[in-house]
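**Q** What follows is a predicted structure for the sequence shown.
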Amino acid sequence: MQDPNADTEWNDILRKKGIIPPKEVPKEDEEEEEGILMQQSVVKTYEDMTLEELEENEDEFNEEDERAIEMYRRQRLAQWQASQIKNTFGEVLEISGQDYVQEVTKAGKDLWVILHLYKQGIPLCSLINQHLAILARKFKDVKFIKAISTTCIPNYPDKNLPTIFVYQGGEIRAQFIGPLVFGGMKLTQDELEWKLSESGAIKTDLEENPRQQIQDQLMTSIRSSIATKKDTDSDED
C-alpha cells in the first residue's frame, strides 16, 4: 500500500481531491512554525510597546526586526523629546546679552525663538511686551524672550525700537525693526500675532490679516464720505 505521506504527484492529486488526508507535519516542523508565529506576533505588537517594554523584549527579535525597531525607537524618542519641549514655556523670559548664545543660538534645532529688543520708557515697547505675554501663554511651544536692547547690542539706536527678531535653530528667519513696521500704538494683539505667523514662528487660528480688515473698513468709510459729499454738493447746486 502506498504511503499517504509520501511526496508523490499522485498523492498530491489525492490530497487536492480530499481522498487522502493532508500530509502530517513532523513535530519538529510544528515547533519551528509555532516559533515563527510567536516571533511574528511579537513583531506585530512592538509598535504598541513603550521604550521600556522594547528593551525588555529585545531578545525576542531577529536581526531584521531589530533594525526596524531601532528606527521605531528613535521615532518614539524624538516624539517624547518633542512632547517635553512642547508646553515648556508659556511666558516671556527676560535675558541679558550674556544669555543670548544659550537662549537663542543653542536653543534647539527646530525650536522657534521670538526675541523682543526694547527699552523702558518707550510706550510701544511696553505695549508689545503686553501682547507678547499673552501670546506666550497661547503658543507654549515657542520660546518668547525679551532683552533691553543695549544689553544685547551695544549702542543699538532707540529709533530702531521696538525690534523683534525671529529665530529657528539659531538662524534668523524674520526681523521687524522700528515703530512704523508695527503701525504705532494702535497695534493690537491679533495684528502682532498675524505678523509673527507670517514668519512661520506660530500657527495662528486667525483667518485673515486684522490690519487689512481695518484698512478695508477705513476705505469703505472714506468712499462713503466722498459719496455723501458729492450728493450734498449736487443738492446745493
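**A** Received, thanks. Residues are numbered from 1 along each chain as shown.

**Q** Next up, identify which helix or strand residue 107 is on.
**A** Element membership for residue 107, per DSSP states H and E: none, as it lies in no helix or strand.

**Q** So it versus residue 143, what's the distance?
**A** 6 Å (Cβ to Cβ, to the nearest Å). For every residue, glycine as well, the C-beta is placed using N, CA and C.

**Q** okay, and the common contacts of these two?
**A** Contact with both residue 107 and residue 143 is made by residues residue 113, according to Cβ atoms under 8 Å, 6 or more residues apart in numbering.

**Q** Any idea how many residues pack against residue 150?
**A** The burial count assigned to residue 150 is 14, neighbours taken as other Cβ atoms under 10 Å.

**Q** likewise residue 148?
**A** Residue 148 is flanked by 17 other residues according to other Cβ under 10 Å.

**Q** ok, now residue 109?
**A** Applying other Cβ under 10 Å, we find 8 other residues in the vicinity of residue 109.

**Q** surely it meets residue 169?
**A** Yes. The pair formed by residue 109 and residue 169 meets the contact definition of Cβ atoms under 8 Å, at 5.0 Å.

**Q** How about the secondary structure of residue 174?
**A** Here residue 174 takes the strand state, with states given by DSSP: H, G, I helix; E, B strand; the rest coil.

**Q** residues in contact with the nearest residue to it once chain neighbours are set aside?
**A** Closest residue to residue 174 apart from its sequence neighbours, by Cβ to Cβ, 6 or more residues apart in numbering: residue 199 at 3.5 Å. In this structure, residue 199 makes contact with 166, 173-174, judged by Cβ under 8 Å, 6+ apart.

**Q** Poorly predicted segments of the protein, please.
**A** Residues of the chain that meet the criterion pLDDT under 70 lie in 1-5, 24-62, 64-66, 69, 77-87, 212-237.

**Q** any idea where the strands of it begin and end?
**A** 92-94, 112-118, 143-148, 163-168, 171-177 (DSSP state E).

**Q** These: which one's closest to residue 63?
**A** strand 163-168 (38.4 Å; Cβ to Cβ).

**Q** what angle do that closest one and strand 112-118 make?
**A** Strand 163-168 runs at 160 degrees relative to strand 112-118, counting by axes from the mean of the first three to the mean of the last three Cα atoms, to 10 degrees.

**Q** Indicate each strand paired with strand 163-168 and its parallel or antiparallel sense.
**A** When pairing is defined by DSSP bridges, strand 163-168 lines up against strand 112-118 (antiparallel), strand 171-177 (antiparallel).

**Q** Turn these into JSON lines, including distance to residue 211.
**A** Written out in JSON lines, the entries for those read as follows (distance: least, Cβ to Cβ, whole Å):
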{"stretch": "strand 112-118", "distance to residue 211": "19"}
{"stretch": "strand 171-177", "distance to residue 211": "13"}
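
**Q** deepest of those, which one?
**A** Ranked by average neighbour count under the criterion mean count of other Cβ atoms under 10 Å, these are headed by strand 112-118 at a mean of 22.

**Q** give me every residue that touches residue 136.
**A** For residue 136, counting by Cβ under 8 Å, 6+ apart, the contacting residues are 89-92, 142, 144.
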